[in-house]
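Peer 1: Got a predicted structure here, sequence first:
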Amino acid sequence: MSASLAGLKVEVKYLQRENEAQEVKMKELELQKTELKQQYQAQAGEVISIKARANITENQVETLKREGEVKRVAFSASLLASGSADIGPFNAQMPLVFRHVVVNIGNAYNPNTGFFIAPVRGAYHFEFYIYGNGHPSYGSGAVLFKNGEHVFIAFEHQTAGGANSSNGVTLLLEVGDVVFVRQWTNTRIHDSQNHHNTFSGHLLFTM
């Protein structure tokens, strides 16, 4: 009887130790579960942060792309779209509309009005070339205007042969400023399929 009781006591102690060991394992598992949950939450937060940064980066790329497109501004056009003709003389300055467009990157030049309208604030360079047949009474010439301001003139007068003149200028333009060319008073210009008379410009850099 006493031996049996002693055996039961030993078994109970063994079971108690097993139970304690199981409790320790359960606590370890709970701790691991908590750690895994915290790691998952941290990773989920990091994923959200990465997605947010990716969206910001994508928006920045789109913005830079749009800005890059705006910054690409250049045009070149000649006077007549087809045929040949003498233009002038007139007793007042007349707008010259350069209708034969060779290139118009950014679409800042309007071939229907002859106006270049600045799309961004920056430094722009312009050139214009004017040609006329020599005449005893009439030279050939034109003036470049910024808004209503007379900037530079190109003028040549000779009695025979071809009369060529040109000029160029760099201008600081605000958004919406208008640059255009007018034929000089009492002059005559000739153009043909050879495109003697041209007006060109491009953005150097933004400011």
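Peer 2: All right, it came through fine.
Peer 1: can you map out the strands along the chain?
Peer 2: Secondary structure of the chain (DSSP state E): strands at 74-78, 85-87, 94-96, 100-105, 109-110, 115-117, 122-133, 140-146, 149-156, 162-173, 178-183, 189-191, 198-206.
Peer 1: For residue 44, find the nearest of those strands.
Peer 2: strand 198-206 (42.2 Å; CB to CB). The way it works is simple: take the backbone N, C-alpha and C, and place the C-beta from them, glycine included.
Peer 1: outside of the closest one, which residues touch it?
Peer 2: The contact list for strand 198-206 (CB atoms under 8 Å, 6 or more residues apart in numbering) reads 71-79, 96, 98, 106, 109, 114, 116, 120-129, 170, 179, 181.
Peer 1: List the buried residues of that strand.
Peer 2: 198, 199, 200, 201, 202, 203 (16 or more other CB atoms under 10 Å).
Peer 1: Show me the beta-bridge partners of the last one.
Peer 2: According to DSSP bridges, residue 124 are recorded as the beta-bridge partners of residue 203.
Peer 1: so how far is residue 144 from it?
Peer 2: 16 Å (CB to CB, to the nearest Å).
Peer 1: Low-confidence bits of this protein, can you list those?
Peer 2: In the predicted model, the chain carries pLDDT under 70 at residues 1-12, 14-15, 36, 47, 49-51, 54-55, 57-70.
Peer 1: Could you chop it up by domain?
Peer 2: As assigned by automatic domain parsing, the chain contains the domains 1-71, 73-206.
Peer 1: Of those, flag the one that's most buried.
Peer 2: Sort those by mean neighbour count, taking mean count of other CB atoms under 10 Å, and domain 73-206 sits at the top with a mean of 17.
Peer 1: Please name whichever of the strands of the chain is nearest to residue 35.
Peer 2: strand 198-206 (53.5 Å).
Peer 1: Out of the strands of the chain, the one nearest residue 24 is which?
Peer 2: Judging these by CB to CB, what sits closest to residue 24 is strand 198-206, at 69.9 Å.
Peer 1: relative orientation of the closest one and strand 140-146 in degrees?
Peer 2: Angle between the axes of strand 198-206 and strand 140-146 is 30 degrees (criterion: axes from the mean of the first three to the mean of the last three CA atoms, to 10 degrees).
Peer 1: just the angle between strand 198-206 and strand 122-133, please?
Peer 2: On the basis of the same axes, to 10 degrees, strand 198-206 is oriented at 170 degrees to strand 122-133.
Peer 1: send the alpha carbons of strand 198-206 over as PDB?
Peer 2: Taking Å, rounded to 0.1, in the frame of the first residue of the first chain, the C-alpha atoms of strand 198-206 are listed here in PDB:
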ATOM      1  CA  THR A 198      11.900  83.200 -92.100                       C
ATOM      2  CA  PHE A 199      11.000  83.800 -88.400                       C
ATOM      3  CA  SER A 200      12.400  81.400 -85.800                       C
ATOM      4  CA  GLY A 201      12.700  81.200 -82.100                       C
ATOM      5  CA  HIS A 202      13.400  78.800 -79.200                       C
ATOM      6  CA  LEU A 203      13.500  78.700 -75.400                       C
ATOM      7  CA  LEU A 204      17.000  78.900 -74.100                       C
ATOM      8  CA  PHE A 205      16.100  78.200 -70.400                       C
ATOM      9  CA  THR A 206      13.400  78.900 -67.900                       C
END
